[in-house]
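Enquirer: Prediction below, plus the sequence it came from.
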Amino acid sequence: MTRIRSVEISQVDLPPPVPRGDAIQTFVTQETPLVRIRCDDGSEGVGYSYTIGSGGSSVVALLRDHLAPRLLGRDPARIESIWRDLLFATHATSVGAITSLALAAIDTALWDWRCLRDGQPLWLAAGGARQRIPVYTTEGGWLHLATDTLVREAVLAKEQGFRGAKVKVGKPHLSEDLDRLRAVREAVGPGFELMVDANQVFNLGEALRRAPRYAELGIAWFEEPLPSEDIAGHARLAAAATLPIAVGESLYSPGQFAAYVQQGACHIVQADVARIGGITPWLKTAHLAEAHNLMVAPHFLMELQVSLCAAVPAAQWVEYIPQLDAVTTSRLLIADGQAVAPDAPGLGIAWHWPEIERRRVAFHTVS
């Protein structure tokens, strides 16, 4: 039986290729913890998670001091058992962002190991629903961009074959949001999907005021309109709105998604595979959404989410935000407006180890 012999933990910091800003934050550095498990038979698997500017060293410390030592001697094939054991070992800090991000780095490494062992790509191993998923871009829709830049980026995205684009909202006055959205809609026409994302900036009253005005422009969904802990507010908004309400990037367990679903507080599930704790809980959440006839349109991590979206029937969109180009040699393949899940065994991510080693700000081996 194969056993885990050692665990390598790294952190690399990746500045985004373009400035990224929304209604509550500016994204200046992606802190990226990586986990590399090495086994006694020479096999290995690599996983990762991320933060957008803070907390990366805390994730690394949790991995180094508390989680990685519990992997030594374990059978890497027992992914469910390991995930559950690590969750309960961190019960004092679960559910929460730091713990979920640390769990995700391990869980994705275990899935990578399994898929490499079996010679299967992740999208097949996790379900194999279909290999291609429609793709939209967020990279040209940041809140700080001028309206003419938004228009230019949306037109370019349409010309490049994207099927939609996300535009950040949350300007001080509704009229400012509407002016920007109208300009984009007029430029791209009715057949190109536009999504809006408020990044939790509104209270319920303001969200109720703005939602119908966004809906007039044929918006595909209204994302994170309220603080994520306000399930009751989301339920009231979802009941009143004439456009779909999307939530999930700030939820950290399948149970939190279940609470939203049970209260009718969302129409679109946007589970982030890192923030929810890895592939294992992401798949549970995607199947929960499917059982309730809800769409899955996950947040960020396109290099990994493309395979997860291809694995499950409920997933309808992949979000294009390049995340790992600086430390990988693989790239997301897009054809006819659809992201194509990679056929390579494992996660489908080809790591550029010399560049990772050059960019490391932390490195630890647990053995």
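Expert: Nice, thanks for sending it over. Keep in mind it's a predicted model, so treat the numbers as computed, not measured.

Enquirer: so S330 touches V306, yeah?
Expert: No: using Cβ atoms under 8 Å, S330 makes no contact with V306, being 10.8 Å away. For glycine as for every other residue, the C-beta is placed from the backbone atoms N, C-alpha and C.

Enquirer: any common contacting residues for the two?
Expert: 342, 348 (Cβ atoms under 8 Å, 6 or more residues apart in numbering).

Enquirer: These two: which has the busier surroundings?
Expert: For S330 versus V306, neighbours defined as other Cβ atoms under 10 Å are more numerous around V306 (30 against 16).

Enquirer: Tell me the secondary structure at the more buried one.
Expert: Here V306 is recorded as helix under DSSP: H, G, I helix; E, B strand; the rest coil.

Enquirer: Now do the helix or strand of the chain with the lowest mean pLDDT: which elements does it pack against?
Expert: Using mean pLDDT, DSSP states H and E, the weakest-scoring helix or strand in the chain turns out to be strand 26-27, at a mean of 82. For strand 26-27, the packing partners by 3 or more Cβ pairs under 8 Å, 6 or more residues apart in numbering; DSSP states H and E come out as strand 20-21.

Enquirer: and for the strand it packs on, what are the contacting residues?
Expert: With Cβ under 8 Å, 6+ apart, strand 20-21 has contacts from 26-27, 142-144, 168.

Enquirer: distance of G119 from L347?
Expert: 14 Å (Cβ to Cβ, to the nearest Å).

Enquirer: before we move on, what about T280?
Expert: From T280 over to L347 the distance is 14 Å, taken as Cβ to Cβ.

Enquirer: Equivalent analysis for E186, please.
Expert: Taken as Cβ to Cβ, the span from E186 to L347 is 40 Å.

Enquirer: cool, I356 as well?
Expert: Taken as Cβ to Cβ, the span from I356 to L347 is 15 Å.

Enquirer: These two: which has the busier surroundings?
Expert: More neighbours surround L347 than the other of I356 and L347, with 28 against 19 (other Cβ under 10 Å).

Enquirer: ok, that one touching Q305?
Expert: No: the criterion here is Cβ under 8 Å, and L347 misses it with Q305 at 10.8 Å.

Enquirer: that older thread, shared neighbours of T280 and L347, which are they?
Expert: Counting by Cβ under 8 Å, 6+ apart, the residues touching both T280 and L347 are W111.

Enquirer: give the contact list for L194.
Expert: By Cβ under 8 Å, 6+ apart, the residues touching L194 are 154, 164-167, 181, 184-185, 188, 217-220.
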